[in-house]
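K.L.:
Next one to model:
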Amino acid sequence: MAERNSGKLNQLERKLPEGLLADAAWMERHGYSTSLRSQYVAAGWLVQPVRGTYKHPLGELDWQKTVVSLQKLMGRALAVGGRTALDLQGFSHYLSATGPSSIHLYGNEPPPGWLAKLPLKETFRFHRSQVLFNALAAKSETLQAGTLRELPGPSDWPLIASTPERALLEMLDGLPRHESFHQVDMMVEGLRTLSPRRLQALLTDCRSVKVKRLFFWFADRHQPAWLEQIDRTTISLGTGKRMLVKDGRLDSKYLITVPEDLGAPV
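P.N.:
Sure, this is the predicted structure:
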């Protein structure tokens, strides 16, 4: 029995890379019962960052390893998006020198409850992708496949994140409650190399009138080259006014209220 358990421990060393995290369901699927896991924890071969999660003692846990563990080991269909995805791809480093405090995750199903209990300095904010995009609501992979990418992650494990085009729309969705107009304005000013083809597909599919109006309002302000290649006739901007800023200025073209101290688009 001891020899068999030793063999299973060696297998676990290979299956669960150092620094990554597994939950109880993953352990069960790979043949590690509750009693066996308890033995490993008691012997110091495994540690539990929070109840129901396991990792090897070596290798410090951070938010990227946590997300990779969810994506690659536990098979959770979650992607890093919004401001976090833009930061990872080098577009928002000038906005914060201390790194992200909130990690934005997108998916059709929320992450497990233990995620919020991990001893990390960052907090996780979950968003339902289908709220923003029609194709994701229908669980279509055609659009999603073109708007997610793999980024270099911890060790040899890539991190699945939104492309800059999708991440921008996700960030705009956070206005004005979770993002500020001035920081988004700085971000859009630096987004000069976006793909008009991806933007066209995303904007056509986007369910949020607010996001689409904000997108064109910011784009008109900064006049990036890709703006001329977007066919606006396929993108519905809805009707009626949208009050986004209390006591703000109503933009007559897009019918949204914006801060008084941000100049009008060109």
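K.L.:
Residue 91 contacts residue 188, doesn't it?
P.N.:
No: at 9.8 Å, residue 91 does not count as touching residue 188 under the criterion of CB atoms under 8 Å. The C-beta positions use only the backbone N, C-alpha and C, and glycine is treated the same way.
K.L.:
Spatially nearest residue to residue 190, not counting backbone neighbours?
P.N.:
Excluding the flanking residues, the one nearest residue 190 by CB to CB, 6 or more residues apart in numbering is residue 91, at 5.9 Å.
K.L.:
who's in contact with the one you found?
P.N.:
164, 187, 190-191 (CB atoms under 8 Å, 6 or more residues apart in numbering).
K.L.:
low-scoring pLDDT stretches of the protein, where are they?
P.N.:
Low-confidence segments of the chain, defined by pLDDT under 70: 1-6, 93-100, 136-146, 155, 263-266.
K.L.:
Show me how it divides into domains.
P.N.:
2-54, 63-258 (automatic domain parsing).
K.L.:
tell me the most buried of those domains?
P.N.:
domain 63-258 (a mean of 17; mean count of other CB atoms under 10 Å).
K.L.:
How far off centre is that domain?
P.N.:
Distance, stretch centre to chain centre, for domain 63-258: 8 Å (CA atoms, centre = their mean, to the nearest Å).
K.L.:
Kindly check the end-to-end length of that domain for me.
P.N.:
By CA to CA, to the nearest Å, the extent of domain 63-258 from end to end equals 34 Å.
K.L.:
Any figure for the gap between residue 128 and residue 214?
P.N.:
Distance, residue 128 to residue 214, using CB to CB, to the nearest Å: 19 Å.
K.L.:
How about residues contacting the host helix or strand of residue 198?
P.N.:
Taking DSSP states H and E as the definition, residue 198 sits inside helix 196-205. Here helix 196-205 makes contact (CB under 8 Å, 6+ apart) with 133-135, 143, 146-147, 163, 165-166, 169, 212, 215, 226-227, 229-231, 234-235.
K.L.:
can you tell me which of those are in helices?
P.N.:
134-135, 143, 165-166, 169, 212, 215 (DSSP state H).
K.L.:
Which one of these is nearest to residue 111?
P.N.:
Lowest distance from residue 111 to the ones in helices among the contacts of helix 196-205 (CB to CB) belongs to residue 166, with 18.9 Å.
K.L.:
The closest one against residue 80, yeah?
P.N.:
No: applying CB under 8 Å as the test, residue 166 and residue 80 come out as separate, 11.0 Å apart.
K.L.:
how close does residue 77 get to residue 160?
P.N.:
From residue 77 across to residue 160, the span is 9 Å (CB to CB).
K.L.:
show me what contacts the closest residue to residue 251 other than its chain neighbours?
P.N.:
Closest residue to residue 251 apart from its sequence neighbours, by CB to CB, 6+ apart: residue 258 at 5.6 Å. The contact partners of residue 258, by CB under 8 Å, 6+ apart, come to 181, 217, 244-245, 248-249, 251.
K.L.:
what's the answer for residue 80, then?
P.N.:
Contacts of residue 80 (CB under 8 Å, 6+ apart): 67, 88, 103-106, 159-162.
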